[in-house]
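>>> compute the structure for the input listed below.
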Amino acid sequence: MEKIDKEPLINMLGQVVHYAVRILAVLMTLVILWSVIDVGRVLFIEIMTPPYGLIDMKDILVIFGSFLAVLIAIEIFQNITIYLKEEVIHVQIVIATALMAISRKIIVLDFKEVEPEYVWASAAVIIALGVTYWLVSPKQRH
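Residues are numbered from 1 along each chain as shown. Presented below is the predicted three-dimensional model:
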């Protein structure tokens, strides 16, 4: 954190926030490890449950949801580490994380159980995030 001249309180509070973000990074690492173990446990249970080695579509969606949850946790960890390095929140990475999270929600969604309004609202969120991501992405020159 860059020090501000003649502002010892603000500088001290900035250091407290910096250490709090470090603690969040450690905790997120623990969440990621715990989640990976949980995905392994779910896979093991599915393989060892008769009929052995067969997984139905509902279980596949649960497994995909678990994998995507781990990937989202990794994205959040990357957001935290980038903040620690640069002390700037990168909007593009946050939007990408949100896109992954809503995509996970759609992938594991049971369309028989939800109202059409929920599906339309989810679609609106995906479109809004997609457009926002496109707007904040650096344009490649060809």
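>>> in this structure, which spans are helices?
Using DSSP state H, the helices of the chain run over 8-48, 57-86, 91-107, 116-136.
>>> would JSON lines of those with mean neighbour count be doable?
In short, each C-beta sits where N, CA and C put it, glycine included. As requested, the helices of the chain are arranged in JSON lines below (neighbours: other CB atoms under 10 Å):
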{"stretch": "helix 8-48", "mean neighbour count": "13"}
{"stretch": "helix 57-86", "mean neighbour count": "16"}
{"stretch": "helix 91-107", "mean neighbour count": "16"}
{"stretch": "helix 116-136", "mean neighbour count": "13"}
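>>> just checking, what packs against the helix or strand bottoming out on mean pLDDT in the chain?
Ranked by mean pLDDT, DSSP states H and E, the weakest helix or strand in the chain is helix 57-86, scoring a mean of 88. In terms of contacts (3 or more CB pairs under 8 Å, 6 or more residues apart in numbering; DSSP states H and E), helix 57-86 is packed against helix 8-48, helix 91-107.
>>> closest one to residue 68 among these?
Checking the helices and strands packed on helix 57-86 against residue 68 by CB to CB gives helix 91-107 as the closest, at 3.9 Å.
>>> please work out the angle formed by the directions of the closest one and helix 116-136.
Interaxial angle, helix 91-107 versus helix 116-136 (axes from the mean of the first three to the mean of the last three CA atoms, to 10 degrees): 160 degrees.
>>> would you mind writing the CA trace of helix 91-107 as PDB?
Presented in PDB, the C-alpha positions along helix 91-107 are these (Å, rounded to 0.1, in the frame of the first residue of the first chain):
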ATOM      1  CA  VAL A  91     -13.200  -5.300 -13.300                       C
ATOM      2  CA  GLN A  92     -12.700  -7.600 -16.200                       C
ATOM      3  CA  ILE A  93     -11.600 -10.500 -14.000                       C
ATOM      4  CA  VAL A  94     -14.500  -9.900 -11.600                       C
ATOM      5  CA  ILE A  95     -16.900  -9.900 -14.500                       C
ATOM      6  CA  ALA A  96     -15.400 -13.100 -15.900                       C
ATOM      7  CA  THR A  97     -15.800 -14.700 -12.400                       C
ATOM      8  CA  ALA A  98     -19.400 -13.600 -12.300                       C
ATOM      9  CA  LEU A  99     -20.000 -15.000 -15.800                       C
ATOM     10  CA  MET A 100     -18.500 -18.400 -14.700                       C
ATOM     11  CA  ALA A 101     -20.700 -18.400 -11.600                       C
ATOM     12  CA  ILE A 102     -24.000 -17.700 -13.500                       C
ATOM     13  CA  SER A 103     -22.900 -20.200 -16.100                       C
ATOM     14  CA  ARG A 104     -22.500 -22.800 -13.400                       C
ATOM     15  CA  LYS A 105     -26.000 -22.000 -12.200                       C
ATOM     16  CA  ILE A 106     -27.400 -22.500 -15.600                       C
ATOM     17  CA  ILE A 107     -25.500 -25.700 -16.300                       C
END
